[in-house]
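1. Give me the fold of what follows.
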Amino acid sequence: MLLYAHTLGGTWIYDDLFHARDDPRLADVRLWGQYLTDSYMPSGVDRLWRPLVSLSYAVQWKLTGDRAWPFHAVNILLHAGASALVAELARRLTGKRSVALVAGLFFAAHPLHVEGVAYIVGRAESACAVGSLGALVLLMRPLTVRRVMAVYACFLVALLSKEQGLLLPAMMLALWPLRRRLIEPMLSEASTRRGLVLIVLFTLAGYIVYREHILPWYWDASLLDYATQPMTHSGLRDRVLIPFALLGRAVALLVLPLKLSPEYGLAVITARQDLADIYLYLGILSSIAVLGGAWIAYRRRAWTMLFLLFCAALTYFMVANVKLIGVVFAERLLYLPSAFVLILLAMALSRLPRRAMAVVVAVIVMGWSVRTVTYAARWNDLMTFYARSIEDSPRAARLRVLLARQLIDRGELAPARRIIEEGLTVAPDYWKLWSLAARVAIEQGRLSDAQSYIDRAWTLNPQILELLAVEERLQARRAATRPATQPG
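-> Purely as a prediction, here's the structure:
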């Protein structure tokens with residue numbers, strides 16, 4: 001909570017503007033039912049459904065209005081809860097308080113989690129993690145009726161917060177053999193265990209059927225924005241190689257989280273995988289290491305290690321773009337998988353002599369804390385956030401679109417034009433940059449340039465309503481500048 005206290009002075013960033021401030025459903029209680037029947041983003045191609053998170057925004061908006069700090073406060077509390085649950089899960093798995101303390105501190109301080117906390121929309125990650133970790137923690141005790149209901153409640157929280165909640169039953173199943181080795185089950189546990197299995201399976205089946213009814217599971221990935229998901233333009237070779245490079249990025253950020261960014265789409269990650277990319281080989285080596293570690297853990301009967309590797313791999317696989325999701329890569333996607341990795345790291349460090357472990361942990365936590373505080377502070381101001389992020393990731397085309405839009409809305413056309421032109425040098429085939437270039441040209445009176453920019457945008461993406469709006473603005477400007485006809 002201390003590390004993120006300064007984000008209470010933060011604002012709305014990225015998709016926060018729609019989900020937690022401008023969504024017309026927020027202020028009208030009569031429309032809240034739409035959160036149960038419509039997608040997380042009504043116009044979203046990937047048909048996400050996160051009703052619990054959406055309703056939490058609506059309730060907060062009703063109670064506190066359009067002030068950002070209460071939304072940030074809830075995110076901080078959720079992260080604190082997730083960190084405590086990581087510590088408690090580590091303690092129950094290993095029986096060692098030292099491992100629990102280290103794992104909890106690592107999770108709380110890791111800079112990779114800034115996007116999941118400082119970004120209001122990151123609430124989906126932390127809420128799903130709280131539900132998933134809470135269920136696993138509760139399973140590590142004898143199953144009474146009350147505990148079964150608590151596990152089920154955690155399952156609902158995870159399932160209705162983010163799609164990774166679908167994986168919780170598999171993680172609970174994987175925990176069961178290990179659980180039998182670590183705790184003494186009650187004689188009456190058989191009936192409560194059957195009850196838990198039945199309500200989880202029936203709920204999961206009902207969820208899948210209901211989701212298919214309101215938001216069919218299949219969606220056309222080719223309709224995704226090319227800037228957020230460059231893999232839509234990838235061939236078979238690159239569809240195979242890019243997920244390894246993405247894994248390499250994830251491992252690099254977990255180990256050395258120095259260069260953090262809110263945007264990894266075009267042209268940071270492109271549709272074609274460069275064979276000279278170091279992340280590609282780091283990802284391949286990491287895959288081999290995970291498989292090798294799982295085999296060694298199985299041979300040595302190291303069931304705790306095997307369980308943690310399974311959970312880390314399972315939760316990461318869902319966001320690994322082996323099957324395309326709405327975004328090619330984002331730091332917040334690693335929030336839940338990192339919990340299991342950091343417990344494994346804490347277990348490894350616990351093998352060091354006590355003083356050596358204390359020194360290593362102190363250095364890591366202090367270093368990560370400094371990076372977390374400084375990076376989270378960047379999320380507190382919209383313009384500074386976009387500008388600094390572009391400095392760190394000059395090839396991030398979508399960041400330039402976001403900054404240029406803000407500048408245009410403020411009437412700062414000259415810097416907006418410069419940002420757009422720089423963006424076109426790295427992503428000349430991104431239609432949104434051409435659309436914004438047309439907007440700037442219209443406001444500056446360069447109407448012939450505006451028409452050529454619109455024509456270029458149409459050739460790149462001919463089915464976008466945004467371009468129709470820009471064309472209408474151009475026609476209105478032409479009409480306004482046309483000389484009035486004198487009466488005869």
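2. So, low pLDDT: which residues of the stretch 51-200 of the chain?
-> Residues of the stretch 51-200 of the chain that meet the criterion pLDDT under 70 lie in 185-188.
3. all helices for the stretch 251-400 of the chain, in order.
-> All helices of the stretch 251-400 of the chain, identified by DSSP state H, counting those that start in this stretch, fall at 278-299, 303-317, 335-349, 354-378, 382-392, 397-409.
4. which of those helices is buried the deepest?
-> Comparing the helices of the stretch 251-400 of the chain by mean neighbour count (mean count of other C-beta atoms under 10 Å), helix 335-349 ranks first with a mean of 24. Using the backbone N, CA and C atoms, a C-beta is placed for each residue, glycine as well.
5. list the helices and strands that helix packs on?
-> Helices and strands touching helix 335-349, by 3 or more C-beta pairs under 8 Å, 6 or more residues apart in numbering; DSSP states H and E, are helix 68-94, helix 97-109, helix 123-139, helix 236-255, helix 303-317, helix 354-378.
6. 7 Å instead?
-> helix 68-94, helix 97-109, helix 123-139, helix 303-317, helix 354-378 (3 or more C-beta pairs under 7 Å, 6 or more residues apart in numbering; DSSP states H and E).
7. how about residue 475, secondary structure?
-> helix (DSSP: H, G, I helix; E, B strand; the rest coil).
8. Run a quick neighbour tally on it.
-> Residue 475 sits with 12 neighbouring residues when counted by other C-beta atoms under 10 Å.
9. any idea how far it lies from residue 453?
-> 15 Å (C-beta to C-beta, to the nearest Å).
10. follow-up on the earlier one: can I get the helices and strands packed on helix 335-349 in a markdown table including distance to residue 170?
-> As requested, those are exported to a markdown table (distance: least, C-beta to C-beta, whole Å):
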| stretch | distance to residue 170 |
| --- | --- |
| helix 68-94 | 16 |
| helix 97-109 | 22 |
| helix 123-139 | 11 |
| helix 303-317 | 6 |
| helix 354-378 | 30 |
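11. Dump the helix or strand harbouring residue 480 to CSV, restricted to CA.
-> Using DSSP states H and E, residue 480 sits within helix 465-481. This file holds the C-alpha atoms of helix 465-481, laid out as CSV (Å, rounded to 0.1, in the frame of the first residue of the first chain):
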residue,chain,number,x,y,z
LEU,A,465,-16.5,4.8,-39.1
GLU,A,466,-13.8,7.1,-37.7
LEU,A,467,-12.7,8.0,-41.2
LEU,A,468,-16.2,8.9,-42.2
ALA,A,469,-16.3,11.4,-39.4
VAL,A,470,-13.0,12.9,-40.5
GLU,A,471,-14.3,13.1,-44.1
GLU,A,472,-17.4,14.9,-42.9
ARG,A,473,-15.3,17.4,-41.0
LEU,A,474,-13.3,18.0,-44.2
GLN,A,475,-16.4,18.6,-46.2
ALA,A,476,-17.8,21.0,-43.6
ARG,A,477,-14.5,22.9,-43.6
ARG,A,478,-14.6,23.1,-47.4
ALA,A,479,-18.1,24.4,-47.3
ALA,A,480,-17.2,27.0,-44.7
THR,A,481,-14.3,28.3,-46.8
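12. and that helix, which residues are buried?
-> Buried residues in helix 465-481, defined by neighbour count with 16 or more other C-beta atoms under 10 Å: 467, 470-471, 473-474, 477.
13. Which members of these are the farthest-apart pair?
-> The widest separation within the buried residues of helix 465-481, taken as C-beta to C-beta, falls between 467 and 477 and amounts to 15.5 Å.
14. Work out for me the element residue 175 sits within.
-> helix 168-182.
15. Which other helices and strands does the helix or strand just after that helix contact?
-> Scanning forward in sequence from helix 168-182, with DSSP H and E defining helices and strands, the next element found is helix 189-214. Helix 189-214 sits against helix 145-161, with contacts defined as 3+ C-beta pairs under 7 Å, 6+ apart.
16. can you give me how far the helix it packs on is from the chain middle?
-> 22 Å (C-alpha atoms, centre = their mean, to the nearest Å).
17. Would you mark the buried spots in it?
-> 147-148, 150-152, 154-161.
18. mind putting those in a markdown table, distance to residue 246 included?
-> As requested, the buried residues of helix 145-161 are exported to a markdown table (distance: C-beta to C-beta, whole Å):
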| residue | distance to residue 246 |
| --- | --- |
| 147 | 38 |
| 148 | 38 |
| 150 | 35 |
| 151 | 32 |
| 152 | 34 |
| 154 | 29 |
| 155 | 28 |
| 156 | 30 |
| 157 | 28 |
| 158 | 23 |
| 159 | 25 |
| 160 | 27 |
| 161 | 23 |
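19. which ones are touching residue 336?
-> Applying C-beta atoms under 7 Å, 6 or more residues apart in numbering to residue 336 gives the contacts 125, 128-129, 132, 164, 315.
20. Neighbour-wise, give me the winner out of those.
-> Most surrounded of those: other C-beta under 10 Å gives residue 129, at 32 neighbours.
21. Relative to residue 42, how far out is that residue?
-> 26 Å.
22. Also residue 10?
-> Where residue 42 is concerned, residue 10 sits at a distance of 26 Å (C-beta to C-beta).
23. okay, those two: which has more neighbours?
-> Taking other C-beta under 10 Å, residue 10 and residue 42 do not tie; residue 10 has more neighbours (25 against 11).
24. can I assume the more buried one is in contact with residue 379?
-> Yes - counting by C-beta atoms under 7 Å, residue 10 touches residue 379, with 5.6 Å between them.
25. any shared contact partners between these two?
-> residue 118.
26. Look up the closest residue to residue 373, ignoring the ones flanking it.
-> Spatial nearest neighbour of residue 373, chain neighbours left out: residue 3 (5.8 Å); criterion: C-beta to C-beta, 6 or more residues apart in numbering.
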